[in-house]
Structures are given as C-alpha cells and as structure tokens.
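Asks: dropping the sequence and predicted coords here.
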Amino acid sequence: MKTTPSRFVRTMRACVKPVGIGAAMLMLSGCFAQGSSKGPAKNPTSSASAGKDVQATLAPGFDNAKAWRAEEGDRAYDIAAAAGLFVDVYALGETEKEAIKAKETSTPGASRSPSKTSSAEPSSSPSAGDPANGSVVVGRSITDGSVVWTSAPLKGLTDQKRARLRVIDTPRGAHVVVVRVGIIPALGMDRLQRRVVVDVFPVVSAGSDVVPMTHAEIPVEELLDDEDVAIGDGGVLVKGRVDGRGGIGPGALFEPLTGQVTPAPPGVAREITDCGGSNTCRLQYVATLPTAFGMLAIEFPERLENRFAVGDRWASEKVAPKDKPNGTVMAVSPTAIVVAWRAGKDDPPLYLVHDLATGAVIATADCPPAAKTDSGALRWGAEDTSGTRGIAEVAHTSPNGRYLVAGPLVVDLSGGVAKCRGIDSTTRGVLFTTVDNKGTAYGNLIDPDARTNNGRQQESVVVHSPFVQNEALPPGNLVPEAVSATGVGVFHVPTPTSGDKRRLILVAPPGSVAPPSAK
C-alpha cells in the first residue's frame, strides 16, 4: 500500500492516568520522560556490518556479496517499503539488574507522577527525566544499512516482554509504532506500575535523539501476551480481559496520530440455539484489530457460527456465501481480509478475499482442508479457529499494494486472481513469506513427513505471477521475509550453533543474476 510520508512539527506525549481499562473513560495526562543511556550491544547505531561473510545461500536474484547484517539477532523490525527504510529496536526485555542501574544513574527527583489533567500536554523534550533502558529505535537505509535516524532512549521497563515494532499507514503517511509490555520500576514515592507503553515516530524522521511524536502508558492489571495487544493501521488495541462470566471486558484503543486513548467496548451479544455441548449460548462481539476502516470485531467464544464486522461499514452475514454461511477470519492486510467460509465443521472451506472497506469479493480460491507447520503452530483450513485472541495469520502485501500472500494463498488484488498452494495427500504445501512488486512470491515448503526426514534442510519455493507453477529451490536456499519497493530482500539466517533459536538478519540488494523464470 503506497504511502505519502509527511513530517510532523508538533511533538506530543500523552500519559494515561492509572485507572482501570474498564472505567468509563481513560483519562489522559501530561507526562515526563527519561534521561540518556546507551549500550552498543542493544543499540548498534553505527553503520551496519557487511554481510558478505555470512554463510548463507540466498534465493536467486539477491546479491549476498553486497548484503549487510544487523549486529543483533534479537531485534524487532519492520520495513517502510516506500521510503526504503529498515527500522528496528532491541526486542528483549530488561533485567532487574539493568533497571536498578538505570535508577541509580537517573537524575534524583526527575521522575514524577502524571498530573491529573484530562488532556495531553505537548512536550518538547520527552526524553529528559525518568530512567531509560538504553533501547533506541534505529531507522536505516535498506540499501546499505547506513543510519538515517535514531530515537531518544525509550522509557525504562523491567520484566519487559519482547518489544514489537510495526510500520503502519496513516492518513498522514507512514509511521513507526513500538509497543512494549512491562513494569515501570518504583522510584521515590511512586510504586511500580504495569503498563503497555506505546511510542510513535514518523518514518521520515531525521537525525539523532528523535523524540516520540506521540507516547502513551496504558495501565493493565497484569503483563499481557502478544495476542492481547493488536497493532493495526487504525492504532494499537489493548484487548479486554475475560471476565468472571465468560465474557470479554472493555479494552483500550490508542490513536497513533493524536496520542488519544479511548475505551474499546465490547459489541452487542446474541443468543444461539445450538450450543454444541457448551454451557453458554451467548456470543459477544469483541474488538480484535484496529484497521484503517474501523475496528474488526469477532464474536467470542470461538464457534463455527461466529460472525464478524468491520466497524459500521459491513458485517459477515451480509457477504457470506448462501451455501457456506460460517466465516473464519484468516488474515488481514491494509486493504483486504481473507475469510474461510464453510457450511459445517467438516465442510471443505472456500476462501474469499474481501475488500476491507466494503466487504466486496475480490478473489476466490479453493484450498485443501488443512496445512500446518511441523510444530503444528499454524493451522490453515477447516480445523482452524482464529478466534478473537489473534488473527490466524498475517497477510503480507507487495510494496505497491497489488499482491498479497497469507499462509498458502497468493493473490493478485488488481487482477482478482487467488491461488492456493495448500498441502494434500500427494503434494507438499507452501507457507508464503512475502511477495514483491512484480508478483514474485516466496515461501517455504511444508513437510508433513518431517519426523521421518530428520536433518533435511529447509526447502523453499518461488512462484511467479500469474501463479501457475511452483519452482522449488535447492535445499538450503533462503527466501526473503520481506522485499522493499526497490527489490531489497530481508532474510533470517540461522546461526550455526543455535539453529532457528537465534537468527541473524541479513539484508541483500537485488543482484545481477535474474530470478529463475517460471516454467
């Protein structure tokens, strides 16, 4: 999806008053920020190291000799494809020892409790008081890894879960959203505080010590998992928690351009007659993902009969095929939503790609009932229940917004063509990782016989538009996880000693060797 980045002159930092998410309104208040602390292991803010010495065989069409590598494998990252930037941040949390050191080196008395006002006060320097954990956001040229901008150190947290970073499209251009879940340490008279901390930066930032355009600290009763916080083009959603009656309570929605935090109340509930052996027949709409066209809400608990809706624009019962009325949301992109429709639990699904704004059908694909990774972590098909705690799979779009891949599906959104490469009794399936502006899709083969083929290298595949045939690559060839508008590929490379548990990030420009042509 194309974006038109713009620079924001006004810098604003909102801090949420520590009230429960279930309160009638989440009050906003002025907030003070942190000092400076940098560590090279966490923040490789110098030019990136060359990647030519990394032992990796890349898919044809990428130049390993001109590649660069991230200094740390433990980083959360995304690419701003149109702007040609690779944006990353240290992903791991802080230890208690690091937090104590940060407190001891901070300016005494500089950290203060949020003032009890109902508005967000602008701050010209939201990085000048509280202890910092040393993590900074780094924006690099995706071509050579040179640093374009770095943020001021982020606010210090303890017991922090893995940071999440995503580039989103907004009406005012592309922005970087960083979400961290952790504890703000006790300091002075202030008790420790459990928070979801959000920082937003324009992709087109420049220079060093860039302060967040907007910032929020959303209070939570317990440290949340990734599935409980959703990042979309419509903002950041802290999902409601399961209450004592089996329902879902209110959540909180952060608006990235203004910094405003508002309640995200559950939607209406309905009763169904066939409970399927459950002790409740009540289904409740629950906020699931903030999109550019409104909140995607899905009924809870997970059932075959679940409905869903995109804001006030359209609902599943209005677009469902007559013979397959039950839809499961499988993947969402900035402009499209992939839904598996079926009549009953054992009915083979029909996959429809709908326009996210209107619900209109863009493309259709039949697919085998199920496809999954060796670990069973991802299921795709009749046995899948994506539910309300997280969409089944992320949809990846080409930088120009024309092509989409999700699980075993590859779609030409402009041409209205969708193809499935799911697993069946005779054919190995594909889980796609990314697709470029020419419609070249990259993916990894699913091996249903992995237990009897221990030690075999990962095998990958390239599929060219119009997606007629797969072209398998030799074992050990790596395919990109993302591709920029200029054809630069981002690869995950397992390290020799720890396999997939720790991976290097290798970024390679297009090479002189052309990709294999479709047969």
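Replies: Great, that's in hand. Residues are numbered from 1 along each chain as shown.
Asks: let me see the ranges of the helices in the stretch 301-450 of the chain.
Replies: For the stretch 301-450 of the chain, the helices defined by DSSP state H, counting those that start in this stretch cover 316-319.
Asks: okay, now the unreliable bits of it?
Replies: 368-394, 447-450 (pLDDT under 70).
Asks: repeat that for 90
Replies: The model of the stretch 301-450 of the chain has pLDDT under 90 over residues 301-307, 326-330, 340-350, 366-395, 407-408, 420-431, 445-450.
Asks: skipping adjacent residues, who's closest to Ala363 in space?
Replies: Spatially, and ignoring its direct neighbours in sequence, Ala363 is nearest to Ala418 (3.7 Å; CB to CB, 6 or more residues apart in numbering). For glycine as for every other residue, the C-beta is placed from the backbone atoms N, C-alpha and C.
Asks: and the strands in the stretch 51-200 of the chain?
Replies: 57-58, 68-69, 75-80, 85-90, 137-141, 147-151, 164-170, 173-184, 193-202 (DSSP state E, counting those that start in this stretch).
Asks: number of residues surrounding the nearest residue to Gly311 once chain neighbours are set aside?
Replies: In space, and not counting its chain neighbours, Gly311 is closest to Gly294: 1.8 Å by CB to CB, 6+ apart. Gly294 has 16 neighbouring residues, counting by other CB atoms under 10 Å.
Asks: same check, this time on Asn477
Replies: 18.
Asks: how about Thr495?
Replies: What Thr495 shows, counting by other CB under 10 Å, is a neighbour count of 14.
Asks: I'd like the distance between it and Ser208.
Replies: 30 Å (CB to CB, to the nearest Å).
Asks: same deal with Gly251?
Replies: From Gly251 to Ser208 the distance is 35 Å (CB to CB).
Asks: circling back: what sits against the residue nearest to Gly311?
Replies: 234, 310-313 (CB atoms under 8 Å, 6 or more residues apart in numbering).
Asks: tell me which two in those are the farthest apart.
Replies: In terms of CB to CB, the contacts of Gly294 reach their longest pairwise distance at Gly234 and Asp312, which sit 13.3 Å apart.
Asks: circling back to that earlier point, contacting residues around the residue nearest to Ala363?
Replies: 351, 353, 363-365, 409-412.
Asks: looking at neighbours, which among the residues you listed is most surrounded?
Replies: Val411 (30 neighbours).
Asks: hang on, that residue packs against Val353?
Replies: Yes: shown here, Val411 and Val353 form a contact pair, counting by CB atoms under 8 Å, at 5.4 Å.
Asks: now for these two: what residues contact both?
Replies: Common neighbours of Val411 and Val353 (CB under 8 Å, 6+ apart) are 336, 338, 362-363, 365, 404, 418.
Asks: and those residues, which two are furthest apart?
Replies: Ala336 and Ala365 (12.8 Å).
Asks: what is in contact with these two at once?
Replies: With CB under 8 Å, 6+ apart as the test, Ala336 and Ala365 both reach 353, 411.
Asks: what is the subsequent helix or strand relative to the helix or strand of the chain with the lowest mean pLDDT?
Replies: In the chain, no helix or strand scores lower on mean pLDDT, DSSP states H and E than strand 28-29, which sits at a mean of 27. Of the helices and strands lying after strand 28-29 in sequence (DSSP states H and E), the nearest is strand 49-50.
Asks: partner strands of that following strand and their direction?
Replies: strand 68-69 (antiparallel) (DSSP bridges).
Asks: can you list contacts of the partner strand?
Replies: Contacts of strand 68-69 (CB under 8 Å, 6+ apart): 48-51, 54, 144-145, 504-507.
Asks: how about Lys161: what's its closest non-neighbour residue?
Replies: Val181 (4.7 Å).
Asks: for Val196, give the beta-bridge partners.
Replies: Beta-bridge partners, per DSSP bridges, of Val196: Val181, Ile218.
Asks: mind checking how far it is from Thr45?
Replies: For Val196, the distance to Thr45 - CB to CB - is 26 Å.
Asks: which one of the two has more residues nearby?
Replies: More crowded of Val196 and Thr45, by other CB under 10 Å: Val196, with 25 against 16.
Asks: right, and that one touches Glu222 too?
Replies: No: with contacts counted by CB under 8 Å, Val196 stays clear of Glu222, the gap being 11.1 Å.
Asks: overlap in contacts of those two?
Replies: Joint contacts of Val196 and Glu222 (CB under 8 Å, 6+ apart) do not exist.
Asks: picking up where we left off before, dump the contacts of Ala418 to JSON lines, plus distance to Pro466.
Replies: Putting these into JSON lines (distance: CB to CB, whole Å) gives the following:
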{"residue": "Tyr351", "distance to Pro466": "17"}
{"residue": "Val353", "distance to Pro466": "15"}
{"residue": "Ala363", "distance to Pro466": "12"}
{"residue": "Thr364", "distance to Pro466": "15"}
{"residue": "Ala365", "distance to Pro466": "13"}
{"residue": "Leu409", "distance to Pro466": "14"}
{"residue": "Val410", "distance to Pro466": "10"}
{"residue": "Val411", "distance to Pro466": "11"}
{"residue": "Asp412", "distance to Pro466": "7"}
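Asks: from those residues, which is closest to Gly61?
Replies: Distances from Gly61 to those, taken by CB to CB, are shortest for Val410, at 17.4 Å.
Asks: tell me if I'm right that the closest one and Lys419 touch.
Replies: Yes: using CB under 8 Å, Val410 is in contact with Lys419, at 5.5 Å.
Asks: could you tell me which residues touch both of those two?
Replies: 463, 467.
Asks: where in the stretch 151-300 of the chain is pLDDT low?
Replies: Looking at the stretch 151-300 of the chain by pLDDT under 90, you get 155-162, 182-193, 220-228, 239-251, 264-286, 298-300.
Asks: can you map out the strands along the stretch 201-350 of the chain?
Replies: Under DSSP E, counting those that start in this stretch, the stretch 201-350 of the chain gives strands at 207-210, 214-219, 229-232, 235-238, 251-254, 261-264, 269-271, 282-291, 294-300, 308-310, 314-315, 326-332, 336-342, 350-355.
Asks: counting by contacts, list what the last one packs against.
Replies: With contacts defined as 3 or more CB pairs under 8 Å, 6 or more residues apart in numbering; DSSP states H and E, strand 350-355 has these neighbours: strand 336-342, strand 361-366, strand 409-412, strand 417-420.
Asks: neighbouring contacts of it?
Replies: Under CB under 8 Å, 6+ apart, the answer for strand 350-355 is 319, 321, 324, 330, 335-342, 360-367, 404, 409, 411, 413, 418, 420.
Asks: now with 6 Å, please.
Replies: 324, 336-341, 361-365, 367, 411, 418 (CB atoms under 6 Å, 6 or more residues apart in numbering).
Asks: now do the third one
Replies: Under the criterion CB under 6 Å, 6+ apart, residues 166, 177, 179, 237-238, 289-291 lie in contact with strand 229-232.
Asks: which of those residues sits closest to Thr433?
Replies: Out of these, the member with the shortest distance to Thr433 (by CB to CB) is Arg166, at 16.6 Å.
Asks: for that closest one, list each beta-bridge partner.
Replies: Val177.
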